[in-house]
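>>> here are the coordinates; sequence isn't available:
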């Protein structure tokens, strides 16, 4: 039994990105979540949008709350989340087939083909032409 390439236990989004690091055209803008914090400093050529995070006062500062975000930063975070939710829902639909996070019980050389089949099912479902 083989694990899928994406099921590495406690790997995180940014660690997976550093491992694969796809080259994208300049006109592509990536809308990322806070799991990718630091990617903009490590890859300055990458055109990405990260949400704003409240600044923590640091350890040992009891009773001191983190600085609140401005209304403009909150609006940006809401807009970014509303755009990202579409792809997150699609990812959720693919994950229901256990092709990304589950154990792949076939020959590893068939993994790409099976992933494409599952993504095809999900695309048909999104278009409303297939009911699962």
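That came through, no problem. Predicted, not measured: the structure shown is a model, and the values here were computed from it. Numbers count the residues shown, from 1 in each chain.

>>> tell me how many other residues crowd residue 13.
14 (other Cβ atoms under 10 Å). The C-beta positions use only the backbone N, C-alpha and C, and glycine is treated the same way.

>>> list the residues that contact it.
Residue 13 makes contact with 32, 33, 35, 36 under the criterion Cβ atoms under 8 Å, 6 or more residues apart in numbering.

>>> and the next element down the chain from the helix or strand containing residue 41?
Taking DSSP states H and E as the definition, residue 41 sits inside helix 39-42. Sequence order places strand 48-49 as the next helix or strand after helix 39-42, per DSSP H and E.

>>> in a helix, that's where residue 73 is, yeah?
Yes - under DSSP: H, G, I helix; E, B strand; the rest coil, residue 73 sits within a helix.

>>> got the contact list for it?
Taking Cβ under 8 Å, 6+ apart, we find residue 73 in contact with residue 52.

>>> so which residues of the chain form helices?
Taking DSSP state H as the criterion, the chain carries its helices at 13-20, 39-42, 71-95, 111-127.

>>> between these, which one is closest to residue 65.
Of all the helices of the chain, it is helix 71-95 that lies closest to residue 65, at 15.9 Å by Cβ to Cβ.

>>> which parts of the closest one are buried?
For helix 71-95, the neighbour count (16 or more other Cβ atoms under 10 Å) marks 77, 80, 84, 93, 94 as buried.

>>> between those, which is nearest residue 125?
Of all the buried residues of helix 71-95, residue 93 has the smallest distance to residue 125: 6.6 Å, by Cβ to Cβ.

>>> my guess is the closest one meets residue 124, correct?
No - using Cβ atoms under 8 Å, residue 93 is not in contact with residue 124, being 10.9 Å away.

>>> so where's this protein uncertain?
Counting by pLDDT under 70, the chain shows low-confidence ranges at 1-11, 129-132.

>>> quick one: closest of the helices of the chain to residue 53.
helix 71-95 (9.0 Å).

>>> now that closest one, how far from the centre of its chain.
10 Å (Cα atoms, centre = their mean, to the nearest Å).

>>> ditto for stretch 88-103
For stretch 88-103, the distance to the chain centre is 12 Å (Cα atoms, centre = their mean).
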